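S.K.: predicted coordinates and the sequence they were generated for:
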Amino acid sequence: MDKFKKNVEAFREFGRGFMRMLRELGESIVKGSPMTKVSMVIFGFAHILRKQFLRGFTFLVGELALLWMIFGFGWKYISKFSSLGNSSGGYNPDGTISYGDNSFFILLYGILVILAFIALLILWSMSLRDSYRCEKRLAVGKKLPTNKEDWHSLFDKNFAQTLLTLPVIGIFVFTVLPILFMICIAFTNYDKNHTPPSALFTWVGLENFKKILDFGGTGLGPTFFRVLGWTLCWAFFATFLNYFLGMGVAILINRQGIKFKKLWRTILVMTIAVPQIVSLLYIGKLFAADGLINLFLMNHGIIDRAIPFWTNANYARVLIILINLWVGIPYMMLIATGLLMNIPADLYESARIDGANSFQMFRKITLPYMLFVTGPFLLTSFTGNLNNFNVIYLLSKGQPKSMSLSDGAGATDLLVTWLYTVTVTNNDYKIAAVIGIMVFIVTAVISLVVYGMLPSVKDEEGFQ
Amino acid sequence: MSRKKKIGNFFTYIVLILISIVWLFPFVGLVLQSFRSYVTEFGGMVGYLVPKKFSLDSYIYLFSGECKFIRWYLNTLIIAFFVTAGQTVVVVCVSYALSRMRFAGRNFLMRTWLILGMFPGFLTMICLYFLLKLLGLTQAGAVPGLILIGIASSGMGYYVCKGYFDTIPKSLDEAARIDGATRAQILISMIVPLSKPIIIYTALVAFMAPWCDYVFASYVAFGHSNSYNVAVSLQNWVWTNDYQGFFTRFCAGGILVAIPVTILFMCLQKYYVEGVTGGAVKG
C-alpha cells in the first residue's frame, strides 16, 4: 500500500513540476523583453546579445540541428508515416529498376522525426525560460554567470549533465528508439512477405494481437499460452530450486568442523568462471542421443536404445531444470555464504540452549532472515529466468519441436527463445514484436504485484 | 566433538565430494576429449572419456590456418577489451550522477530505465541491425559495431555500482567541497579510488559477456566469417550437421576460450563475490 501511495505521490510531484514549468513558460512569453521574444524563433538570440555565448550558441546549434532533422532530412519520411509508403519498387517496362518507398525507413525515421519535434519543443521552452530568468536576475541587479563560470559549472554544479549526456544519448538511440520502433512493428504486417525494399508493409491495427490470442484456425493462441505456461513453470523451478539448494550447499560448506571450505567453494565457482558457451554446449552434447552418456550406457549393455533426453518433451524439460541447477547453485551459494555470516551467532546459541535441533533452527532463524534479505533478489532472479535465453538456447535450442505447437515453437522454448526463432528463422517480425510486448507485460505485472508483497519493502524495520 | 556431529560431518563430506564430482565432470571431460585425435581416432562423440592416444591434433588444427580461429579469438579479445573499458566508464559516470547529485528528471530517468529493462533484449535485434548497417558497422565492420552496441546502452546497468556509491558517506564529499574540490575532482580523486572493488566487479562482468555473445554477433556478422567471434564459431561447430568431425575441435577451442577467462575470474573472485552479494541484498 505504501508503495502505491509513494508512486501516486511521485506522479503528483511530476504533475506539480510540469505545471510550474508551464506557468513560468507563459510568464516568459507574456512578460519577456523583445529580445526574449525573438528567442522564441531564434533560440538563444537573447543569450548571445547578452554575451552568454556558451548557452546561446548551444541553444542555437541545437535548434538548427533539430530543424534540419525534421525538415531537411525527415520530411520525406514523416509525410508518408500514415501509410508507410505506397509505391513499391520494381522493374520498369524498359527494364530499369526503380526504387520505391521503403516502409522500414519511413517508420524508423518517422519516429525519429516525431521525437526530434518533442526535443525541439523542450529546447524551445528551455531557451525561453532561461532567457527570462536571466532578465529577472538583471532586473534585481544580480550579475549573470559568465561563459567561464558556465563552463566550470559543467564540472561542478551541473556535473550530472556532463556525466549523463552521452549515456542518455546512447540509451536513447540504441534502446528507446528500437523499442518504440518494435512496438510500432507490432501494429504492422512486417514479415517475410512484406520485407523492404522489394515490398511494402503497412499498418494493420490490432490484427497481430488478435492472432496471438486466437484459439481457432490459424491463430497462435494455443502455442502462445503453452509457451507462456512453460516459461512461468521454468522460471518458478529455476528460481526456487536454485535458491533453496544453493542455500543448502552454502550451509553444508559453512558447517563447523568442515575443512577445505575454500576448496569446495572454488570448485563450485568454476561454473561461473568458465564461459557458458563452452560449458553448456558441452553438457548439452553429453546428453545427446549419440553423446557420451548414452553411448557409455549402451556400450556397457545397461540400456538397449539411447535415452531420448532431448527428443522427449518431458525429459528435455526436466533435464534443463536439472542442468540449470549446475549453473545456478554456485551463484546462490556465493550470495548465501556472505549473508549467512551476518546472522548473529548468539541467536543460534540461545536456540540450542532452548533445545532446538538443526532443522528447527533453519526454519525459525535462517530461512526467515534469508527470505527477508533476499526478497528483491528472488524477484529479479525470477524475472531474469523468464528471459533466460542462454541456458535454454545453448542446451536445447527450444527443441524438441512438436506438432501441437506452431510458428517454430518447441517444447522447451521460453517466450524469448521463441521470439528469437520467430525473428531469425521465420522472419515473422510482426509476431516477434507482439511476443516481445507480451514478455514485457508479463515481466511488468509480476514485478509490480510481487514487489508490493515483499516483506522488506512492506516493513523495512521489521527484522532488526 | 560429539559423536553425532562427527557422523554429520562425515555425511557432509560425502555430499560435498559428490557435488564436486558432478560439478567438475564436464570440465574434466572437456579437457580429456580435446586431446583425442580426429585424424587417427575419431573427431566426433564417443562413449569413453579418456582418449586411447594422447594427441594435440585438435589444437594444431585451430592454429594451422585451416580455420580462422586466431582471427576470431582476437576479434573477441578486442571486443571484450573495448566493451570493458567503455562500459566501466559509463557505469561509473551514471552511478555517480544518480548517487550523489539531485537534479530535475532524476526520478524520471531511473523509472524510465527500469521500465525499458523489462523489454527483452532480442526484441530490438532487427532494428539494431539496421541502425548498425546505416553506420556501416555490420558484416565487415561487425567488430566495432558489436563494441558500440555493447557500450551504448550500458548506462542502464548502474544498480550495483550506484548501490555501492550510496554506502560511501556523503560527509566525505562535503568535506572535500569545503576544501574547494569540484564534483569532477571528487569523482576522480575520491570516489573512484574508494570504489575499487565495485569497479573491478563491473569491469569483470563486462569482460565476461562478449565471450558468450553468440546471438547478436552471428546476426551482425552474418555471412562474413572474418568478423565472427569465438562464440559464433564454437556454436557453429557444435550445431553443424557434421559436428561429428568438429566435436574435438570444439572441445579444444572451448578450452582455449575458457582458460584465460577462468584464470582472470579466479584472480578477481573476491571482488566478484562482493559485487554479487551487494547486488543481491540491494535487489
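M.R.: Done, it's in. Note that the structure is a prediction, hence the values are computed from the model and not measured.

S.K.: helix or strand for the residue of chain A found nearest chain B, which one?
M.R.: Nearest residue of chain A to chain B (CB to the nearest CB) works out as A:P376 at 2.2 Å. (Each C-beta comes from the backbone N, C-alpha and C, glycine too.) Using DSSP states H and E, A:P376 sits within helix A:367-386.

S.K.: which residues of the chain score low on pLDDT?
M.R.: Just going to use chain A. A:1-7, A:88-93, A:95-98, A:403, A:455-464 (pLDDT under 70).

S.K.: ah, no, chain B please
M.R.: B:1, B:241-245, B:281-283.

S.K.: what residue lies at the spatial centre of chain B?
M.R.: Of all residues in chain B, the one closest to the mean position by CA atoms, centre = their mean is B:M208, 1.7 Å from it.

S.K.: let me see the contact set for that residue.
M.R.: By CB atoms under 8 Å, 6 or more residues apart in numbering or on different chains, the contact set of B:M208 is A:P275, B:V261, B:F265.

S.K.: the same query, at a cut-off of 10 Å, please.
M.R.: By CB atoms under 10 Å, 6 or more residues apart in numbering or on different chains, the residues touching B:M208 are A:I272, A:A273, A:V274, A:P275, A:Q276, B:A80, B:T84, B:V261, B:L264, B:F265, B:Y272.

S.K.: just B:A104 next, same as before
M.R.: When contacts are counted by CB under 10 Å, 6+ apart, B:A104 touches A:G17, A:M21, A:A160.

S.K.: quick check: A:M298 touching B:Y48?
M.R.: No: look at A:M298 against B:Y48 with CB atoms under 10 Å: they stay out of range, at 11.9 Å.

S.K.: ok, these two, which is more surrounded?
M.R.: A:M298 (16 against 13; other CB atoms under 10 Å in any protein chain shown).

S.K.: measure that one to A:I321 for me?
M.R.: From A:M298 across to A:I321, the span is 25 Å (CB to CB, to the nearest Å).

S.K.: strands of chain A, start to end?
M.R.: Secondary structure of chain A (DSSP state E): strands at A:90-91, A:97-98.

S.K.: domains for the chain, by residue range?
M.R.: Went with chain A since none was named. Domains of chain A are assigned by automatic domain parsing as A:32-181, A:221-458.

S.K.: let's do chain B instead
M.R.: Under the assignment automatic domain parsing, the domains of chain B span B:3-60, B:67-239.

S.K.: ranking these by burial, who's on top?
M.R.: Across the domains of chain B, the average number of neighbours (mean count of other CB atoms under 10 Å in any protein chain shown) peaks for domain B:67-239, which reaches a mean of 19.

S.K.: gap between the two ends of that one?
M.R.: Using CA to CA, to the nearest Å, the end-to-end distance of domain B:67-239 comes out at 17 Å.

S.K.: equivalent analysis for stretch A:145-164, please.
M.R.: Length of stretch A:145-164, first residue to last, CA to CA: 23 Å.

S.K.: ok, and of the contacts of B:A104, which contact chain B?
M.R.: A:G17, A:M21, A:A160 (CB under 10 Å from any CB of the partner chain).

S.K.: picking that back up, send me the helix or strand that the residue nearest to the centre of chain B is a member of as CSV with only the CA atoms.
M.R.: For B:M208, the element it lies in under DSSP H and E is helix B:196-212. Taking Å, rounded to 0.1, in the frame of the first residue of the first chain, the C-alpha atoms of helix B:196-212 are listed here in CSV:
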residue,chain,number,x,y,z
LYS,B,196,37.9,-0.1,-6.4
PRO,B,197,36.1,-3.4,-5.6
ILE,B,198,32.9,-2.5,-7.4
ILE,B,199,34.7,-1.0,-10.4
ILE,B,200,36.7,-4.2,-10.8
TYR,B,201,33.4,-6.2,-10.5
THR,B,202,31.8,-4.0,-13.2
ALA,B,203,34.8,-4.5,-15.5
LEU,B,204,34.9,-8.2,-14.8
VAL,B,205,31.3,-8.8,-15.7
ALA,B,206,31.6,-6.6,-18.8
PHE,B,207,34.7,-8.6,-19.9
MET,B,208,33.0,-12.0,-19.5
ALA,B,209,29.9,-11.1,-21.5
PRO,B,210,31.3,-10.8,-25.1
TRP,B,211,32.8,-14.3,-24.8
CYS,B,212,29.2,-15.7,-24.7
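
S.K.: next secondary structure after it?
M.R.: helix B:215-220.

S.K.: is chain A contacted by that next one?
M.R.: Yes: Helix B:215-220 lies within reach of chain A by CB under 10 Å from any CB, at B:V215, B:S218, B:Y219.

S.K.: and the angle for the helix or strand just after that helix with helix B:196-212?
M.R.: Once the chain leaves helix B:215-220, the next helix or strand it forms, by DSSP H and E, is helix B:230-239. Per axes from the mean of the first three to the mean of the last three CA atoms, to 10 degrees, the angle that helix B:230-239 makes with helix B:196-212 is 40 degrees.

S.K.: tell me the contacts of A:S33?
M.R.: A:S33 touches A:S39, A:A46, A:S131, A:Y132, A:E135, A:L138, A:A139, counting by CB under 10 Å, 6+ apart.

S.K.: whoops, B:I188 was the one
M.R.: B:I188 makes contacts with B:V92, B:Y96, B:A181, B:T182, as judged by CB under 10 Å, 6+ apart.

S.K.: the second one contacts B:G155, doesn't it?
M.R.: No: the pair B:Y96 / B:G155 is not scored as a contact, 11.7 Å apart, by CB under 10 Å.

S.K.: any shared contact partners between the two?
M.R.: Both B:Y96 and B:G155 are contacted by A:L163, A:L164, under the criterion CB under 10 Å, 6+ apart.

S.K.: related to what we said a few turns ago, next, format the domains of chain B as CSV and append distance to A:V442.
M.R.: Listed next are these as CSV, based on distance: least, CB to CB, whole Å:
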stretch, distance to A:V442
domain B:3-60, 32
domain B:67-239, 9
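
S.K.: quick one: closest of these to A:I212.
M.R.: Closest to A:I212 of the domains of chain B is domain B:67-239 (CB to CB; 14.4 Å).

S.K.: quick one on the thing from earlier: so the residue of chain A closest to chain B is in contact with A:V450, correct?
M.R.: Yes: contact criterion CB under 10 Å: A:P376 and A:V450 qualify, at 9.5 Å.

S.K.: what segments of the stretch 151-300 of chain A are helices?
M.R.: A:159-171, A:177-185, A:207-213, A:221-254, A:261-273, A:276-286, A:292-299 (DSSP state H, counting those that start in this stretch).

S.K.: just name the most buried of these.
M.R.: helix A:276-286 (a mean of 23).

S.K.: give me the distance from that one to the chain's centre.
M.R.: Its chain's C-alpha centre and that of helix A:276-286 lie 26 Å apart, by CA atoms, centre = their mean, to the nearest Å.

S.K.: could I get the contacting residues of B:P169?
M.R.: With CB under 10 Å, 6+ apart, B:P169 has these contacts: B:A175.

S.K.: do you know how far it is from chain A?
M.R.: As judged by CB to the nearest CB, to the nearest Å, B:P169 and chain A stand 19 Å apart.
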